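Engineer: need coordinates for the following:
(one chain, ligands or ions: 1)
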Amino acid sequence: MLYLASQSPRRRQLLEQIGVAFQVIDVEVPEVRGAGESPRHYVSRVARDKALAGLAAVADPHAVVLGSDTEVVLDDEVFGKPADAADAAAMLHRLSGRTHEVISAVWAVTADHQDSELCVSRVRFAKLDDATIATYAATREPFGKAGAYAIQGRGGVLVEHLEGSYSGVMGLPVFETARLLARFEHRRR
Ligand SMILES: Cc1cn([C@H]2C[C@H](O)[C@@H](COP(=O)(O)OP(=O)(O)OP(=O)(O)O)O2)c(=O)[nH]c1=O
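Structural biologist: Numbering: from 1, shown residues only. This is a model prediction of the structure:
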C-alpha cells in the first residue's frame with residue numbers, strides 16, 4: 001500500500017493527479033535548518049524525516065511511504081512558511097523583482113529501501129509595490145505556503161517566469177514522483 005505522509009491538501013491533490021491509490025498519514029516533524037547545512041540538503045533531509053515518521057506510524061510491513069518538503073531559496077536563505085502577516089510581507093518584498101529557487105524533495109521509503117528525487121525550479125517575481133503586497137497578504141493565501149505565495153492561487157499573478165516544475169513549486173513534483181514510484185514498482189518485480 002502507498003501512503004502519503006503529509007498534511008498538505010496540495011500534495012494530496014497532486015498525488016491524485018498521478019492516478020495511484022494511496023492513504024494519507026498525518027506526520028509532524030521539526031523543520032530546522034542545521035548550521036552550515038545547504039538548502040538542498042535541508043529540504044531533502046526534512047522530506048526524508050517526514051517519510052520515515054510516516055513509516056514508523058503505519059503498521060504495514062509492505063508500506064511504501066512518501067514524504068515531501070518544499071522551500072523557497074533566495075541568496076542561500078531558506079524561506080519557509082511565514083510566521084505572521086509582517087513576515088509574509090517581508091518575504092514578498094525580498095522576492096519582488098528577483099529570481100528565486102523553489103526546491104522540492106520527495107522521498108519514498110519502505111522497510112528495506114529508501115530513494116529520492118530532488119526538483120529545483122527557478123521563479124522570477126514581478127516587481128511588487130507595497131499596495132500589491134498588502135492586498136495579497138490580506139487574502140491570507142500566503143499562510144502555510146513556503147515563501148508566502150501560492151503559484152496555484154492568486155499568487156500566480158506574481159510569477160513573471162517559471163523554469164522547472166509547476167507541480168514542484170506547488171509542493172509535489174508529479175514527474176519526479178511518478179519516476180520515483182516507478183523505480184519502486186520495478187524493484188517489486
Ligand atoms: C511556493 C509554494 C509553496 N506552496 C506550499 C506547498 C507546501 O504545502 C508548503 C511548504 O511547506 P512544507 O513544509 O513543504 O509542507 P506542509 O507543512 O504544507 O505539509 P507537510 O504535512 O507535507 O509537511 O508551501 C504552495 O502551495 N504553492 C506555492 O507556490
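Engineer: elements contacting the lowest-mean-pLDDT helix or strand in the chain?
Structural biologist: Within the chain, no helix or strand scores below helix 174-188, which has a mean of 92 by mean pLDDT, DSSP states H and E. Using 3 or more C-beta pairs under 8 Å, 6 or more residues apart in numbering; DSSP states H and E, the elements in contact with helix 174-188 are helix 9-18, strand 64-74, strand 99-109, strand 114-125, helix 166-170. Bear in mind the C-beta positions are built from the backbone N, C-alpha and C, glycine included.
Engineer: please save the CA atoms from the second one in PDB.
Structural biologist: Written as PDB, here are the backbone C-alpha positions of strand 64-74 (Å, rounded to 0.1, in the frame of the first residue of the first chain):
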ATOM      1  CA  VAL A  64       5.700   2.500   0.600                       C
ATOM      2  CA  VAL A  65       5.600   5.900   2.300                       C
ATOM      3  CA  LEU A  66       6.200   9.200   0.500                       C
ATOM      4  CA  GLY A  67       7.400  12.300   2.300                       C
ATOM      5  CA  SER A  68       8.000  15.700   0.700                       C
ATOM      6  CA  ASP A  69       9.200  19.100   1.500                       C
ATOM      7  CA  THR A  70       9.200  22.400  -0.400                       C
ATOM      8  CA  GLU A  71      11.200  25.600   0.400                       C
ATOM      9  CA  VAL A  72      11.900  28.900  -1.300                       C
ATOM     10  CA  VAL A  73      15.500  29.900  -1.500                       C
ATOM     11  CA  LEU A  74      16.900  33.300  -2.200                       C
END
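Engineer: partner strands of it and their direction?
Structural biologist: strand 2-5 (parallel), strand 77-79 (antiparallel), strand 99-109 (antiparallel) (DSSP bridges).
Engineer: can you pull out the residues in contact with the shortest one?
Structural biologist: Taking contacts as C-beta atoms under 8 Å, 6 or more residues apart in numbering, the residues outside strand 77-79 that touch it are 33, 39, 42-43, 71-73, 91, 94-95, 100, 146-148.
Engineer: I'd like the strands paired with strand 64-74 laid out as TSV, including mean pLDDT, distance to Leu158 and mean neighbour count.
Structural biologist: Below are those laid out as TSV (pLDDT from 0 to 100; distance: least, C-beta to C-beta, whole Å; neighbours: other C-beta atoms under 10 Å):
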stretch	mean pLDDT	distance to Leu158	mean neighbour count
strand 2-5	98	28	23
strand 77-79	96	14	18
strand 99-109	98	11	24
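Engineer: spell out which residues of the protein are next to the ligand.
Structural biologist: For the chain, the residues in contact with the ligand (C-beta under 6 Å from any ligand atom) are 6-8, 10-11, 31, 50, 68-70, 72, 81, 102, 144-147, 149-152, 155, 169-171.
Engineer: at 8 Å instead, please
Structural biologist: By C-beta under 8 Å from any ligand atom, the part of the chain that sits against the ligand consists of 5-8, 10-11, 26-29, 31, 46-47, 50, 67-72, 80-81, 102, 104, 123, 144-147, 149-153, 155, 169-171.
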